[in-house]
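Q: What follows is a predicted protein model with its sequence.
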Amino acid sequence: MEIQRVHKIFTDAGIDVLAPKLSNVASMKDGFAILESDILSDQRMIELLYLHNLKRLGGNGFSYFVDPGGYIGKSVSYELGIAQISNVRCFFSAVPKDHPAYLHKNSVWRPEALAEFISQNQNLPAPQILPNEAAIQKLWEDLMVPGSLVSVGGIIEREERGRKEILLVKTHKWGGRYSVVGGKVRRNERLSDALLREVKEETGLAGEIGNHLCTFDQIKNSGYYLPGIQHIFVDNIVRVGGKKVVLNDEAQDYVWLPAEIALRDLDIEPNARHTVDLYVTSL
């Protein structure tokens with residue numbers, strides 16, 4: 001069964017598949033396979049569980065539609081509509097033929113290719129909009145339910161012999177510019193816990209939360225502005241004792257410098273420069 005095969009491809013690639021639960025085919029109805037995991041649930045319950053799984057996906061989640069020959073069907077068409085209007089990224093094994101869905105150019109992927117792309121890039125493929133469909137894309141974006149993202153960032157600070165230094169990392173996410181350490185807050189995660197987790201994951205450093213520096217939304221033309229997304233940044237000082245940094249794959253280099261020198265000498269991306277400016281003012 002194709003769904004079972006795709007499930008295994010994603011799982012083997014380290015992608016967490018929320019649904020369906022991998023199980024045997026219990027029966028066939030109207031050309032659709034009914035899995036043993038679905039057999040005790042009526043159709044309303046199946047659709048409600050699907051909607052709950054959409055809520056669990058978060059900013060990096062996606063829906064993959066297995067539609068050999070381009071056939072989706074009535075219930076899956078309903079699920080596709082909800083996913084798209086909810087700002088959930090959707091990918092397909094074939095171009096849908098029985099549903100008038102708007103798809104950008106980069107929506108159709110073989111499961112093997114999509115799993116490989118995500119594994120190699122740790123991100124989803126970016127939308128590709130054909131020039132003659134820019135107006136359709138704009139109309140579609142205007143309909144989407146705005147997503148909300150909260151990110152935490154830290155001015156990692158250490159003091160030695162009365163001299164304070166901060167840690168900045170150089171990252172390809174910002175085109176080789178320097179930035180602060182941080183990332184997205186997970187569902188039901190406290191801001192402070194998220195920040196300490198990101199610091200540990202990205203630098204190997206353990207620290208403690210210091211003063212709050214700022215909360216701000218997206219800075220336009222910063223290189224990280226997402227239309228239709230409410231993106232809130234919450235930045236704090238994080239005090240650490242050690243200086244040894246072990247970077248993960250999110251950054252390529254790092255530097256410890258007094259904040260004033262960093263502002264003067266480094267190419268710092270706009271969001272991080274905003275925070276470092278406020279940090280210097282607070283000293």
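A: It's in. Residues are numbered from 1 along each chain as shown.

Q: quick one: low-confidence parts of the chain?
A: Judged by pLDDT under 70, the chain has its weakly predicted residues at 22-43, 58-59, 143-147, 219-229.

Q: correct me, but Ala259 touches Thr281?
A: No. Between Ala259 and Thr281 there is no contact under Cβ atoms under 8 Å: 9.9 Å. For every residue, glycine as well, the C-beta is placed using N, CA and C.

Q: Looking at those two, which is more packed in?
A: Between Ala259 and Thr281, counted using other Cβ atoms under 10 Å, Ala259 has the larger neighbour count: 20 against 9.

Q: hey, where'd the strands end up in the stretch 1-150 of the chain?
A: Assigned by DSSP state E, counting those that start in this stretch, the stretch 1-150 of the chain shows strands spanning 25-29, 32-35, 62-65, 89-92, 147-160.

Q: so what secondary structure elements neighbour the fourth one?
A: Looking back up the chat, that one is strand 89-92. strand 62-65, helix 74-85 (3 or more Cβ pairs under 8 Å, 6 or more residues apart in numbering; DSSP states H and E).

Q: can you redo the ones you listed as CSV with mean neighbour count and distance to Trp174?
A: Listed next are these as CSV, based on neighbours: other Cβ atoms under 10 Å; distance: least, Cβ to Cβ, whole Å:
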stretch, mean neighbour count, distance to Trp174
strand 62-65, 20, 24
helix 74-85, 16, 29
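
Q: Looking at the chain, which helix is longest?
A: Assignment by DSSP state H gives helix 43-57 as the longest helix of the chain.

Q: Flag every buried residue along it.
A: Residues of helix 43-57 classed as buried by neighbour count (16 or more other Cβ atoms under 10 Å): 46, 50, 53-54, 57.

Q: which non-adjacent residue is nearest Ala101?
A: Computed as Cβ to Cβ, 6 or more residues apart in numbering, the closest residue to Ala101 that is not its neighbour in sequence is Leu80, at 6.1 Å.

Q: Report back the residue of the chain that's furthest from centre.
A: The C-alpha centroid of the chain is most remote from Arg161, which lies 40.0 Å away (Cα atoms, centre = their mean).

Q: ok, that residue to Val76 distance?
A: Taking Cβ to Cβ, to the nearest Å as the measure, Arg161 falls 64 Å from Val76.

Q: Same question for Glu160.
A: Here Glu160 is placed at a distance of 60 Å from Val76 (Cβ to Cβ).

Q: Equivalent analysis for Leu191, please.
A: On the measure of Cβ to Cβ, Leu191 and Val76 end up 37 Å apart.

Q: what number of residues lie near Gln137?
A: 14.

Q: Can you spell out the domain ranges of this structure, please?
A: For the chain, the structural domains run 2-143, 147-282, going by automatic domain parsing.

Q: wait, what's in contact with the residue sitting nearest the centre point of the chain?
A: With distances taken as Cα atoms, centre = their mean, the chain has Asn60 as the residue nearest its mean C-alpha position (3.1 Å). For Asn60, the contact set (Cβ atoms under 8 Å, 6 or more residues apart in numbering) comprises 123-124, 184.

Q: mind checking how far it is from Asp193?
A: For Asn60, the distance to Asp193 (Cβ to Cβ) stands at 18 Å.

Q: ok, back up a step: how about the longest helix of the chain as CSV, C-alpha atoms only?
A: Taking C-alpha atoms only, helix 43-57 is exported to CSV below (Å, rounded to 0.1, in the frame of the first residue of the first chain):
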residue,chain,number,x,y,z
GLN,A,43,-15.7,9.6,9.6
ARG,A,44,-16.4,12.7,11.8
MET,A,45,-13.9,11.5,14.4
ILE,A,46,-11.3,10.8,11.7
GLU,A,47,-11.7,14.4,10.4
LEU,A,48,-11.6,15.9,13.9
LEU,A,49,-8.4,14.0,14.6
TYR,A,50,-6.9,15.3,11.4
LEU,A,51,-7.7,18.9,12.5
HIS,A,52,-6.1,18.3,15.9
ASN,A,53,-3.0,16.9,14.1
LEU,A,54,-2.8,20.1,12.1
LYS,A,55,-2.6,22.1,15.3
ARG,A,56,0.3,19.9,16.5
LEU,A,57,2.4,20.4,13.4
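
Q: what's that helix in contact with?
A: 18-19, 38, 41, 63, 75, 78-79, 82-83, 86, 88, 187.

Q: Many thanks, we can stop here.
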